[in-house]
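*Asks:* Fold the following and give me the result.
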Amino acid sequence: MPFTLSAASIKNRRGVDPRLVDVSNLAIQLTLIDFGHGPHAGLRTAAEQHSLFLGGKTEADGYDNKSHHQSGKALDFYAYIDGAASWEQEHLAMVAASFFQAASILGVKIRWGGLWKSRRHPFYGWDMPHIELIED
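*Replies:* You can find the predicted model right below:
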């Protein structure tokens, strides 16, 4: 059964690089698990990024350490299971697979936060709902 993005998810991608929007549009058609994009999923101001930093949601403070979200080069997602948002690793990994498949078809290079490590999170998968463009 093919899925479609809600009007809210489409709105939440406003300001995101068109290549990443295209990847998201194709990924929703390819995915086996429904997904969406929440309120802070796309383009963020420095103040929004800093607020997320203060809440422990990101390592980028928005000022000295900027996020790819601030340039529209990143997009977050959540899985949508049984009528509710899910951040379960298995669900997010399956959605990320649809993003990789879509990016491959479209010839867009992306990176997934589910494969990252950091000082605060020394295990892989610390930013599983995050996709960003890889610039050459």
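
*Asks:* drop to CA atoms for contacts and neighbour counts, all remaining ones
*Replies:* Fine.

*Asks:* need the longest helix for this protein.
*Replies:* For the chain, the helix with the greatest residue count under DSSP state H is helix 89-106.

*Asks:* From the chain's centroid, how far away is it?
*Replies:* A distance of 10 Å separates the centroid of the chain from that of helix 89-106, by Cα atoms, centre = their mean, to the nearest Å.

*Asks:* For it, the averaged confidence score.
*Replies:* For helix 89-106, mean pLDDT rounds to 97.

*Asks:* For it, which outside residues touch it?
*Replies:* Contacting residues not belonging to helix 89-106 are listed as 23-24, 26-28, 30-35, 78-79, 86, 109-110, 112, 114, 128-129, 131 [Cα atoms under 8 Å, 6 or more residues apart in numbering].

*Asks:* For it, buried residues please.
*Replies:* Using 16 or more other Cα atoms under 10 Å as the test for burial, helix 89-106 gives 91-103.

*Asks:* All the helices of this structure, residue numbers only.
*Replies:* Using DSSP H, the helices of the chain run over 7-11, 18-30, 46-54, 89-106.

*Asks:* got the ones you listed as TSV, with distance to His68 columns?
*Replies:* Shown next, in TSV, are the helices of the chain (distance: least, Cα to Cα, whole Å):
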stretch	distance to His68
helix 7-11	18
helix 18-30	12
helix 46-54	10
helix 89-106	17
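
*Asks:* Glu132 and Ala96, how far apart?
*Replies:* Glu132 is 11 Å from Ala96, where distance means Cα to Cα, to the nearest Å.

*Asks:* Any idea what the most centrally placed residue in the chain is bridged to?
*Replies:* Nearest to the geometric centre of the chain sits Asp76, at 2.1 Å (Cα atoms, centre = their mean). Here Asp76 sits in beta bridges with His130, going by DSSP bridges.

*Asks:* With that, I have no additional questions.
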